[in-house]
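Participant: no FASTA, just this:
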């Protein structure tokens, strides 16, 4: 099986043909007889469906008595036989390193994602390195993208000899990790809105229609994974801009979902115009859910708590989405469905919504002792522990990258 080809702009006939195909985003159906479909490299290689403008809008559906495989629909099952790496992995930021900063339980590390009616391959760092020799991967977006970037580096590293040389260059907006023996570069480019932010007379201006400043750094990469979402709704001290610019007019504020859609359409136009998807694999990470309201997962009970502190088990037995489906995800679905070259949607929203137990909570190196004593005001229920949930995101990323074509 061929490894991903290098990205470049192209108007070739192969690119035009490729634009008429997409990989199914939210549900992958394997129409075989029998009650169980086992997903293997043999079955997964070559999966491709004709373009359907509505496919990105569909929420994952699983019908009873149907022999199908939906990668992003399933359950978390207890499995203490596999942990891809240890918390000593040096790339992990303190805010994600829950075990290093005192988390007393480890059950959150002992659950495996089991898609409906199929098995997915375990991540193999050595195989990843062999297939990606001489190639580059870049995550672009906010700190949830960084969560996944650090996880992937640890997972690859765990599959290589300890003496295999590496190099890290930390910067802002670009951080680069190199596996020198294999010529592999795994980067993170910080762009929480994807579109550009400029400084004008000391004010931060979010340019909803401009992306060239950021986009120049994304060309020539073999695998791109984008995400955005959380920062669009931040207000007050967490807001990352002072004004929004729309076609030359500055706004102090506007409907945040409208702004997100404008920004994402600018990004989508850039991808359609600048990325040759016959040479570059493009992914979009679904919206990562937060867990600040226990009433969302404790149906019928009343709670005064305002965080995920103390949660040690996933949500199980739910027949629907456990909580409020993120409005940002609806924007993502609308924009992706309008693209000529839609990326593969790594639809981690539902499976992550079940993992109220997997956040750093108060076990973050970014918190003081005083903050840890007040979980309702300080617990981090947005990011994820490493090792932890993003390792599953990368298992699915690995499956899509190498076994879905």
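Facilitator: Okay, I see it. Bear in mind that the values here come from a model prediction, so they are computed numbers and not experimental data. Numbering: from 1, shown residues only.
Participant: from here on, just use CA atoms for contacts and neighbour counts.
Facilitator: Fine.
Participant: give me the longest strand you can find in this structure.
Facilitator: With residue count as the measure and DSSP state E as the assignment, the chain has strand 70-78 as its longest strand.
Participant: and that strand, which residues are buried?
Facilitator: 70-76 (16 or more other Cα atoms under 10 Å).
Participant: show me what secondary structure element comes after it.
Facilitator: strand 111-116 (DSSP states H and E).
Participant: name the strands paired with that next one and say parallel or antiparallel.
Facilitator: Within its sheet, strand 111-116 is paired with strand 70-78 (antiparallel), according to DSSP bridges.
Participant: which residue ranges form the strands in the stretch 251-400 of the chain?
Facilitator: For the stretch 251-400 of the chain, the strands defined by DSSP state E, counting those that start in this stretch cover 281-285, 344-346.
Participant: save those strands as a markdown table, and put in mean neighbour count, mean pLDDT and distance to residue 328 too.
Facilitator: Below are those laid out as a markdown table (neighbours: other Cα atoms under 10 Å; pLDDT from 0 to 100; distance: least, Cα to Cα, whole Å):
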| stretch | mean neighbour count | mean pLDDT | distance to residue 328 |
| --- | --- | --- | --- |
| strand 281-285 | 23 | 98 | 12 |
| strand 344-346 | 23 | 97 | 14 |
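Participant: can you redo the ones you listed as TSV with distance to residue 208?
Facilitator: Output for the strands of the stretch 251-400 of the chain, formatted as TSV (distance: least, Cα to Cα, whole Å):
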stretch	distance to residue 208
strand 281-285	19
strand 344-346	22
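Participant: out of these, nearest to residue 256?
Facilitator: Evaluated over the strands of the stretch 251-400 of the chain, closeness to residue 256 peaks at strand 281-285, with 19.5 Å, by Cα to Cα.
Participant: what helices or strands is the closest one leaning on?
Facilitator: strand 223-226, strand 344-346 (3 or more Cα pairs under 8 Å, 6 or more residues apart in numbering; DSSP states H and E).
Participant: tell me the strands beside the first one, with direction?
Facilitator: For strand 223-226, the paired strands and their directions (DSSP bridges) read strand 136-141 (parallel), strand 281-285 (parallel).
Participant: turn these into a markdown table, columns for distance to residue 275.
Facilitator: Converted to a markdown table, these look like this (distance: least, Cα to Cα, whole Å):
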| stretch | distance to residue 275 |
| --- | --- |
| strand 136-141 | 14 |
| strand 281-285 | 9 |
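Participant: mind checking which of the ones you listed is nearest residue 147?
Facilitator: strand 136-141 (9.9 Å).
Participant: ok, residues contacting the closest one?
Facilitator: 145-146, 149, 184-194, 218, 221-228 (Cα atoms under 8 Å, 6 or more residues apart in numbering).
Participant: quick one: the next helix or strand after that strand to strand 281-285, angle?
Facilitator: Once the chain leaves strand 136-141, the next helix or strand it forms, by DSSP H and E, is helix 143-158. Angle, helix 143-158 to strand 281-285, by axes from the mean of the first three to the mean of the last three Cα atoms, to 10 degrees: 120 degrees.
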